[in-house]
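*Asks:* requesting a structural model of the entry that follows:
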Amino acid sequence: MSVNTSHAGSEAVGLSRLERFWLHWKAKLLLVVGLRGLATAVFQEVLARAPNDLLALNSLGYDALLNGRHLLAAGYFERVVQLAPNNPNAHFNLAFEYEELGRLEEAEREFRATIRIDEKMDRAWYGLGLVLVRQRRFEEALVALQRNTQLQSMSPFAWYQMARVHMEMNQPDQALAVMRHLNGFEPKVAAQLERETGLKLSAPV
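*Replies:* Here you go, the predicted structure:
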């Protein structure tokens, strides 16, 4: 999960540019030294005085995510999307939270919004694939997962999911072909698929 903190919202009354800079710097320093709780308090102070501060919204959203408070995190990221609609990371973060909450149609919408902005964000294709799998839209899921493998050919995750999807579609030959490819660079994952699917990599081609 990535949180884009490269932008700041428009300056609000009650928080000068210098104060904003100082509080941002203080919170970042606290994060660097591992004092996340204190950093969160600083970001909450920023947000109370500057409700459109993207750094504070993103950081508080990420903190909520790490603490398993996905509904709260989604609320922060929804606000970020409103303020930065052309930021792919904003849509990706929100999609991730919607998926965690089981709001699959909304997650799909946000993953697709991410891809429209940044077609080469491989993790968005992977996330979209997982959401489509959960909706049992297997043919569409394969398209998304295949795109992920084009962008990240040596990452085993999408290959693994593709093999599972082929098995769901009763396509053992295609699943075995994926497993053989995966065995070339991630034999442990291929062996795991052997155990899960019952297919044998040593079987004749």
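*Asks:* check which residues of the helix or strand that contains residue 166 are buried.
*Replies:* Residue 166 belongs to helix 156-168 when assigned by DSSP states H and E. For helix 156-168, a neighbour-count test (16 or more other C-beta atoms under 10 Å) marks 156, 157, 158, 159, 160, 161, 162, 163, 164, 165, 166, 167 as buried. In short, each C-beta sits where N, CA and C put it, glycine included.
*Asks:* OK, contacts around the closest residue to the last one other than its chain neighbours?
*Replies:* For residue 167, the nearest residue in space outside its immediate sequence neighbours is residue 175; the separation is 5.0 Å by C-beta to C-beta, 6 or more residues apart in numbering. Residue 175 makes contact with 162, 163, 164, 166, 167, 193, 197, 199 under the criterion C-beta atoms under 8 Å, 6 or more residues apart in numbering.
*Asks:* against residue 181, how distant is the fifth one?
*Replies:* Distance, residue 167 to residue 181, using C-beta to C-beta, to the nearest Å: 15 Å.
*Asks:* try the last one
*Replies:* Distance of residue 199 to residue 181, given as C-beta to C-beta: 13 Å.
*Asks:* ok, these two, which is more surrounded?
*Replies:* Using other C-beta atoms under 10 Å as the criterion, residue 199 and residue 181 rank with residue 199 on top: 19 against 16.
*Asks:* hang on, isn't that one packed against residue 193?
*Replies:* Yes - counting by C-beta atoms under 8 Å, residue 193 is a contact partner of residue 199 at 7.3 Å.
*Asks:* give me the common contacts of those two.
*Replies:* Common neighbours of residue 199 and residue 193 (criterion: C-beta under 8 Å, 6+ apart): 175, 179.
*Asks:* the longest helix in this protein is where?
*Replies:* helix 17-32 (DSSP state H).
*Asks:* buried residues, the next helix or strand after it. List them.
*Replies:* Proceeding N to C from helix 17-32, the next assigned helix or strand is helix 36-49, under DSSP H and E. For helix 36-49, the buried set under the neighbour-count rule, 16+ other C-beta under 10 Å, comprises 36, 39, 40, 42, 43, 45, 46, 47, 49.
*Asks:* tabulate the residues you listed (a markdown table), appending pLDDT and distance to residue 148.
*Replies:* A markdown table is the format used below for the buried residues of helix 36-49 (pLDDT from 0 to 100; distance: C-beta to C-beta, whole Å):
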| residue | pLDDT | distance to residue 148 |
| --- | --- | --- |
| 36 | 79 | 31 |
| 39 | 80 | 33 |
| 40 | 84 | 33 |
| 42 | 83 | 37 |
| 43 | 85 | 33 |
| 45 | 84 | 40 |
| 46 | 85 | 36 |
| 47 | 84 | 34 |
| 49 | 87 | 41 |
